[in-house]
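Trainee: need a structure here:
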Amino acid sequence: MATAQPIRLVVLDVDGVLTDGTLYYGVDGDAMKGFSARDGMGISLARISGLKTAILTGRRSPMVERRAAELHIDYVLQNVTDKLNKLEELCQCEGISLEEIAYMGDDLNDIEVISRCGLGACPADGCTEVRQTADFVAACTGGHGAVRELIEHILKQQGKWQQVLAKYGAVAQDIVQ
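Mentor: Numbers count the residues shown, from 1 in each chain. Predicted structure coming up:
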């Protein structure tokens, strides 16, 4: 199992990871996606713990831009056809290596990136090949807390979880002791 110690950037796919993969279309052609508040809290916890965050997706969606802005996600890379190449460009921009990236994806187009990053992850309902490739398979499904679970895993391995709990008060600390 890969270690989360060197992770500095958490990169997330959208459909099937930040959402359950369902696309809703209204009669006027409007598309909607549902995002988990638990995953949003996880992204906020990553940010306050010093991790940067990014979205890397093959689709373009104004809902993704809005959610990313609400969560202060550092990079929003949409309409990407070659995810590994785009991630390597991001590494150059950030001055980091792929080994310092945790990437969560759920389908065949994510396998190459999952296998090359320092910590490859997927939700419980990722396709079989992705689950077999990933270092970390969440117990939660996409859009239902898998991202939160990954971020907690990283923060615990990095020894930052107690600091997170302290930020939210002594009650939270009493629960884990």
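Trainee: Give the residue spans of the protein that score low on pLDDT.
Mentor: 1, 170-177 (pLDDT under 70).
Trainee: Helices of that one, residue ranges please.
Mentor: Remark: helices assigned in the chain by DSSP state H are 37-48, 62-70, 83-94, 111-116, 128-133, 146-157, 161-167, 170-176.
Trainee: Pull the number of nearby residues for the closest residue to G40 other than its chain neighbours.
Mentor: Leaving aside its sequence neighbours, G40 sits nearest to L71 (C-beta to C-beta, 6 or more residues apart in numbering; 5.6 Å). Where C-beta positions appear, they are placed from N, C-alpha and C, glycine not excepted. Counted by other C-beta atoms under 10 Å, the residues lying close to L71 total 20.
Trainee: circling back to that earlier point, out of the helices of the chain, nearest to D30?
Mentor: Counting by C-beta to C-beta, D30 lies closest to helix 62-70 out of those; the figure is 9.7 Å.
Trainee: packing partners for that closest one?
Mentor: strand 75-77 (3 or more C-beta pairs under 8 Å, 6 or more residues apart in numbering; DSSP states H and E).
Trainee: Counting neighbours, what do you get for the closest residue to G21 other than its chain neighbours?
Mentor: For G21, ignoring the flanking residues on the chain, the nearest one in space by C-beta to C-beta, 6+ apart is D15 at 5.0 Å. D15 has 21 neighbouring residues, counting by other C-beta under 10 Å.
Trainee: Next: the one 10 residues further on.
Mentor: The local packing of Y25 (other C-beta under 10 Å) involves 9 other residues.
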